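A.B. asks: model this:
(chains A and B)
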There are 2 protein chains.
Amino acid sequence: MKLSLKQCRIAENKKMCKTMNIDEKYMREALKEAKRAFEKNEVPIGSVIVKSGKVIARAHNTIEKDNSSLSHAEMKAIKKAQKKIGNWRLNGCVLYSSVEPCIMCISAILLSRIERVVYGCKDKKFGGCESLAEIQNIKGLNHKVEILGGVLEEESVKLMKRFFRKIRKK
Amino acid sequence: MKLSLKQCRIAENKKMCKTMNIDEKYMREALKEAKRAFEKNEVPIGSVIVKSGKVIARAHNTIEKDNSSLSHAEMKAIKKAQKKIGNWRLNGCVLYSSVEPCIMCISAILLSRIERVVYGCKDKKFGGCESLAEIQNIKGLNHKVEILGGVLEEESVKLMKRFFRKIRKK
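C.D. replies: Now for the predicted structure:
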């Protein structure tokens, strides 16, 4: 079947809309995790990992509870996903994070061969995908990852602001 | 007490020798861990963390055993040290690694506020301190870390070469 230019544009838009809707759907799951962190007085960041349309891992930041600077939502989600599928190679997986992954987390994403990363708001202090650095563009890496930021950005920003207002009040 | 220029130089050399000897002493501990990894058919990389002259954590790479690309020696040593002292801030700690930390590990080191990193040989494929990138020099980081490479380098290179010869034979 051949499509006219107009039909092509409509089809392209539909495809984009579908991808956007899918991204928003899973970002809402990541935000649910972020809210769980909020309730536990942890910086509200949440992540989920999706493979073939299924959430295979979900996690939120537990730095304070674990007394460990390594307990970021993304790191925990990666570890859970690797355990779930019994393989450290997460090819074909998409990681959703409510906040831009830090330098450590985007490096861990690259080491785990995750295919795509979608995040909500930027992290000006620690972000490793666009704010402090673009780790994914370092020459010589043995893996490439597709990155999309700004999905449900406002909801993530609101949650972060609400958290830091709460902390300051205390 | 005032020292002559010659006396100053001798004192300076003695201080350097002392630091070098101390670094070699702890690097031997990291190499012991690397050998443990070797025996378990894991890439032979080992780490120890030292605080006030005491080894507070030791670990080796267990990627294959754990089926996780996050189970690097440095990550595991950091987690152990944080648990040991009950604080995620590892101020005043020195991390010794038989191989140059990768981008993820040097980022984790920065997040953990480790003061100094000493490593053996370079890692041309993954190294984040000098080979692929110099993560510690990214502008805007909230922590600085002192880095020294090349301590007992040959021993680490030999161990790595021996490991990959063994793997190829299999």
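A.B. asks: if I look at A:G53, how far off is chain B?
C.D. replies: Distance of A:G53 to chain B, computed by C-beta to the nearest C-beta, to the nearest Å: 23 Å. All C-beta atoms are positioned from the backbone trio N, CA, C, and that covers glycine.
A.B. asks: may I have the phi/psi pair for that residue?
C.D. replies: phi 80, psi 10 (degrees, to the nearest 10).
A.B. asks: looking at chain A, which helix or strand is least sure?
C.D. replies: helix A:5-39 (a mean of 85; mean pLDDT, DSSP states H and E).
A.B. asks: list the buried ones in that helix?
C.D. replies: Neighbour counts using 16 or more other C-beta atoms under 10 Å in any protein chain shown place A:23, A:26-27, A:29-31, A:33-34, A:36-38 of helix A:5-39 among the buried residues.
A.B. asks: between those, which sits nearest B:E74?
C.D. replies: B:E74 lies nearest to A:A37 out of the buried residues of helix A:5-39, by C-beta to C-beta, at 25.4 Å.
A.B. asks: so what's the nearest residue to that closest one once chain neighbours are set aside up against?
C.D. replies: Distances taken as C-beta to C-beta, 6 or more residues apart in numbering or on different chains put A:H60 closest to A:A37, at 3.9 Å, once the chain neighbours are dropped. The contact partners of A:H60, by C-beta atoms under 8 Å, 6 or more residues apart in numbering or on different chains, come to A:33-34, A:36-37, A:42, A:44-47, A:73, A:76.
A.B. asks: again, 7 Å this time
C.D. replies: Residues in contact with A:H60 (C-beta atoms under 7 Å, 6 or more residues apart in numbering or on different chains) are A:33-34, A:36-37, A:42, A:45-46, A:73.
A.B. asks: output those residues in CSV, with distance to A:H143 appended to each entry.
C.D. replies: Formatted as CSV, the contacts of A:H60 follow (distance: C-beta to C-beta, whole Å):
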residue, distance to A:H143
A:E33, 25
A:A34, 27
A:R36, 30
A:A37, 28
A:E42, 30
A:I45, 23
A:G46, 24
A:A73, 21
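A.B. asks: what's the following helix or strand after the host helix or strand of A:Y119?
C.D. replies: Element membership for A:Y119 (DSSP states H and E) is strand A:116-121. Counting by DSSP H and E, the next helix or strand C-terminal to strand A:116-121 is strand A:146-148.
A.B. asks: mind listing what's buried along that next one?
C.D. replies: A:I147.
A.B. asks: now the element after that strand, going C-ward?
C.D. replies: Downstream of strand A:146-148, the first helix or strand assigned by DSSP H and E is helix A:153-169.
A.B. asks: for that next one, packing partners?
C.D. replies: The contact analysis (3 or more C-beta pairs under 7 Å, 6 or more residues apart in numbering or on different chains; DSSP states H and E) places helix A:153-169 against helix A:5-39, strand A:116-121.
A.B. asks: residues from chain A in reach of chain B?
C.D. replies: Residues of chain A found near chain B (C-beta under 7 Å from any C-beta of the partner chain) are A:63, A:67-70, A:75, A:78-79, A:82, A:86-88, A:102-104, A:107-108, A:111-112, A:125, A:132-133, A:135, A:138, A:140, A:142.
A.B. asks: go again with 6 Å.
C.D. replies: Within reach of chain B by C-beta under 6 Å from any C-beta of the partner chain, chain A has these residues: A:67-70, A:79, A:82, A:88, A:103-104, A:107-108, A:111-112, A:132-133, A:138, A:140.
A.B. asks: quickly list what the residue nearest to the spatial centre of chain A is bridged to.
C.D. replies: The centroid of chain A falls nearest to A:S97 when counting by C-alpha atoms, centre = their mean (2.2 Å). Listed by DSSP bridges, the beta-bridge partners for A:S97 are A:S47, A:Y119.
A.B. asks: wait, isn't it in contact with A:G120?
C.D. replies: No: the pair A:S97 / A:G120 is not scored as a contact, 7.2 Å apart, by C-beta atoms under 6 Å.
A.B. asks: kindly provide the distance from the closest residue to A:Y26 other than its chain neighbours to B:L111.
C.D. replies: In this structure, A:Y26 finds its nearest non-sequential neighbour in A:Y96, 4.6 Å apart by C-beta to C-beta, 6+ apart. Using C-beta to C-beta, to the nearest Å, A:Y96 is found at 22 Å from B:L111.
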